[in-house]
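Enquirer: need a 3D model of the following:
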Amino acid sequence: MQSSGSIKLGQLFGIRIGVSRWSLLVLFFVIYALNGYFSGILPNRTEAFIVAVLGALLFFATVVAHELGHALVARHQGMAIEGVDLWALGGFTRTRGEPQTPGAEFRLSAAGPAVNALIIAICVLAGLAFGSFRHFLDVALLESGLHAAAPLVLLGWLALINMVLLVFNLFPAFPLDGGRIARAIVWRITGDPNRATRACARFGQLFGLLVMAGGVALVVGGSGDVTSGLWFVLIGLFLTQAARQASMQASVGALIRDVTVADIMDREPVTVPSQTTLLEAEERYFQDDGAPWLAVTDEDGRYRGLLLHERLEHELRDGRPALTAGEISVDSPPWRIDASATLEAALRSDGLRRLGAIVAVDSDGILRGVLTLPSIRRAMNPSAAL
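Expert: Below is the predicted model of the structure:
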């Protein structure tokens, strides 16, 4: 989910936390469901409602903690984190880039379930202050005829929902965490990340269909649990579609695995010499081309950065036409990639996603070409429109 589609709640550890509007509706639904859930064990309706509100908020806090586990490990591994979003069916961590080794994939995938396991342990230890483990377990499962203190009921619910999330997420079905862990293992064995993704995605599609079938059975089976049935159908549909998309991406990755940036890049792009003044650059390079940016090179062809037309116009409006292209060129985040890199690696780059192109350089930093989305489309489908 893109950040533009979510409401910012705040930041934790420097990571943006957002929530979709649908999640707010789900919050009210969870409160309503928990209110009836707790009424059977808490005699006071007001107390049951308060615990239901706290339980719903803690449920969403658990989802945030799970995703923060992924985000912090990803950041430790050098990946940029765009944020964590809560949405109708759970949470999602938005990152730039992908794990580069099976070990990195395993650690990233296992981080979320590890947080759930930690929360369960904390709840159990705190619950033991109210009695035996058996008593805590009975409260968590809401055994009939049982009465308990509100804090113990809340701890039992939190432990139970984290156990459900832990078990569900550890199913070896892509894109669940268990599926990604399985992908890391298959990747380690085969040495082929695309093959590993396709294998786990196929199981993910099957698992999604089974979840949908279970939901349909609840709806039409006369059990009276229509709401849970519809919920399972939505979750199964999401899993099936996500797994199918991952499988398609892996198939494309396998096709382009041996294609390099140098194979399909434009080897004669328009470049701006670094000593060119901004006024000259505007009149000579941007008037007819209409490009939003151009690459800047030194006299020896070494890449300096990108000259953004918007930045150039800003400097001209502020009365600095004598500045040079090299002085205001930017390369942060890096808009470059090694010309010998694979096309698969280029497709994961920030430059290609954000600018629609990326600059190709050699090991000495000499500009060798520019890779654009149209050139990629032509390489993958020669008959595609320009």
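Enquirer: what sits against residue 112?
Expert: 66, 67, 69, 70, 169, 177 (CB atoms under 8 Å, 6 or more residues apart in numbering). No exception for glycine: its C-beta is placed from N, CA and C like everyone else's.
Enquirer: what residues of the helix or strand harbouring it count as buried?
Expert: Assigned by DSSP states H and E, residue 112 belongs to helix 102-127. Buried residues in helix 102-127, counted by 16 or more other CB atoms under 10 Å: 102, 104-116, 119-120, 123-124, 126-127.
Enquirer: same question, stretch 279-290
Expert: Neighbour-count burial for stretch 279-290, counted by 16+ other CB under 10 Å, picks out 280, 281, 282, 285, 286.
Enquirer: with stretch 55-72 instead?
Expert: Using 16+ other CB under 10 Å as the test for burial, stretch 55-72 gives 55-56, 58-60, 62-72.
Enquirer: surely residue 110 meets residue 177?
Expert: Yes: if you go by CB atoms under 8 Å, residue 110 and residue 177 touch, sitting 7.1 Å apart.
Enquirer: so how far is stretch 275-293 off the chain centroid?
Expert: Distance of stretch 275-293 from the chain centroid (CA atoms, centre = their mean, to the nearest Å) equals 37 Å.
Enquirer: now do the same end-to-end measure for that stretch.
Expert: 16 Å (CA to CA, to the nearest Å).
Enquirer: all the helices of the stretch 51-200 of the chain, residue numbers only.
Expert: Using DSSP state H, counting those that start in this stretch, the helices of the stretch 51-200 of the chain run over 102-127, 133-140, 150-169, 177-190, 193-220.
Enquirer: residues touching the closest residue in space to residue 270 that isn't next to it in sequence, list them.
Expert: Closest residue in space to residue 270, ignoring its immediate chain neighbours: residue 294 at 5.8 Å, by CB to CB, 6 or more residues apart in numbering. Counting by CB under 8 Å, 6+ apart, residue 294 makes contact with 270, 271, 272, 281, 285, 286, 306, 307, 309.
Enquirer: from these, which has minimum pLDDT?
Expert: pLDDT across the contacts of residue 294 is at its lowest for residue 286, which sits at 85.
Enquirer: surely it meets residue 309?
Expert: Yes: taking contacts as CB under 8 Å, residue 286 lies within contact range of residue 309: 5.5 Å.
Enquirer: how about the strands in the protein?
Expert: Counting by DSSP state E, the segments of the chain that form strands are 7-12, 15-19, 80-87, 90-96, 271-273, 293-297, 303-308, 336-338, 357-361, 367-372.
Enquirer: figure out which of the ones you listed is closest to residue 246.
Expert: Taking CB to CB, strand 90-96 is the member of these nearest to residue 246, at 14.2 Å.
Enquirer: re earlier: any idea how far the residue nearest to residue 270 lies from residue 284?
Expert: Distance of residue 294 to residue 284, given as CB to CB, to the nearest Å: 11 Å.
Enquirer: low-confidence bits of the chain, can you list those?
Expert: Along the chain, the parts satisfying pLDDT under 70 run over 1-5, 88-89, 97, 142-147, 222-225, 227, 252-257, 288-289, 333, 380-386.
Enquirer: cutoff 50 now
Expert: When residues are selected by pLDDT under 50, those of the chain lie in 1-4, 382-386.
Enquirer: centroid residue for it?
Expert: Closest to where the C-alpha atoms of the chain average out (CA atoms, centre = their mean) is residue 94, at 3.2 Å.
Enquirer: just give me the neighbour total for the nearest residue to residue 275 once chain neighbours are set aside.
Expert: Distance criterion CB to CB, 6+ apart; nearest residue to residue 275, sequence neighbours excluded, is residue 324 at 5.4 Å. Per other CB atoms under 10 Å, the neighbour tally for residue 324 reads 18.
Enquirer: quick check: residue 324 touching residue 272?
Expert: No: Residue 324 is beyond contact range of residue 272, at 9.5 Å (criterion: CB under 8 Å).
Enquirer: and the residue nearest to residue 270, bridged to which residues?
Expert: residue 307 (DSSP bridges).
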